[in-house]
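**Q** Got a predicted model here, sequence first, then my questions.
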Amino acid sequence: MSATATQIAEVRRMVAELTTTTYSDATITAFIERFPLLDERGETPYTWLLAEPPTQQANPLWIATYDLHAAAAEIWTEKAATVAANFDFTADGASFHRSQAHTMAMQMARYHAARRKPKPLWSHVWPKESNLEPYPGNAPEMDNG
């Protein structure tokens, strides 16, 4: 699935890039599609084929759902990198604070990163409990009295 025109337009507004001069629709789509989410039914964007080697297969039941704030945070971080070398200077009695562009881009990256969707966390017990021998420290105490 691909990002919709509405999602692309929303990310454009989030990153203050209303034209395609710097970021084309294809570029923004690539940023958006890096952050797929579980859909409202709990479907994942892909499933694993347990062949050798294991491979991903697109899940046809998944409804395209993306984390737009995560995409916006990545774009703001990239924009900050492009102005990172800017420096402040004074010329002809005027002060130019060009480093403010980097500071503001990083603030916007943090703003959007703080609004990312939480990701599911999967934990696995290892080694398997059936392979464990009982630990004597967990045995009930015996009253010898």
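**A** Received it, and whenever you're ready, just let me know what you need.
**Q** CA only for contacts and neighbour counts going forward, please
**A** Will do.
**Q** distance between the ends of stretch 80-91?
**A** From its first residue to its last, stretch 80-91 covers 24 Å (CA to CA, to the nearest Å).
**Q** now what about that stretch, what contacts it?
**A** 95-99, 101-103, 105-106 (CA atoms under 8 Å, 6 or more residues apart in numbering).
**Q** Provide a ChimeraX selection command restricted to the buried entries of these.
**A** For the buried members of the contacts of stretch 80-91, the matching ChimeraX selection, counting by 16 or more other CA atoms under 10 Å, is:
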select :101,102,105,106
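**Q** of all the contacts of stretch 80-91, which comes closest to Thr47?
**A** If you rank those by distance to Thr47 using CA to CA, Met106 comes first, at 35.0 Å.
**Q** Counting by contacts, list what the helix or strand where Met104 lies packs against.
**A** Counting by DSSP states H and E, the element that carries Met104 is helix 100-113. Packing partners of helix 100-113 (3 or more CA pairs under 8 Å, 6 or more residues apart in numbering; DSSP states H and E): helix 68-82.
**Q** Let's test this: mean pLDDT of the following helix or strand past the helix it packs on, rounded?
**A** Going down the chain from helix 68-82, the next helix or strand is strand 88-91, by DSSP H and E. Averaged across strand 88-91, the pLDDT comes to 84.
**Q** Now the helix or strand following strand 88-91 - C-alpha only, CSV.
**A** Once the chain leaves strand 88-91, the next helix or strand it forms, by DSSP H and E, is strand 94-97. Presented in CSV, the C-alpha positions along strand 94-97 are these (Å, rounded to 0.1, in the frame of the first residue of the first chain):
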residue,chain,number,x,y,z
ALA,A,94,24.0,44.0,11.5
SER,A,95,23.9,40.7,13.3
PHE,A,96,22.9,37.6,11.5
HIS,A,97,21.9,34.6,13.6
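**Q** pLDDT at Glu43, what is it?
**A** pLDDT at Glu43 comes out at 88.
**Q** repeat for Pro53
**A** 87.
**Q** That one in helix, strand or coil?
**A** Assigned with DSSP: H, G, I helix; E, B strand; the rest coil, Pro53 falls in the coil class.
**Q** how near is it to Pro60?
**A** 22 Å.
**Q** returning to that earlier point: so which of the contacts of stretch 80-91 is the closest to Glu17?
**A** Lowest distance from Glu17 to the contacts of stretch 80-91 (CA to CA) belongs to Ala105, with 12.6 Å.
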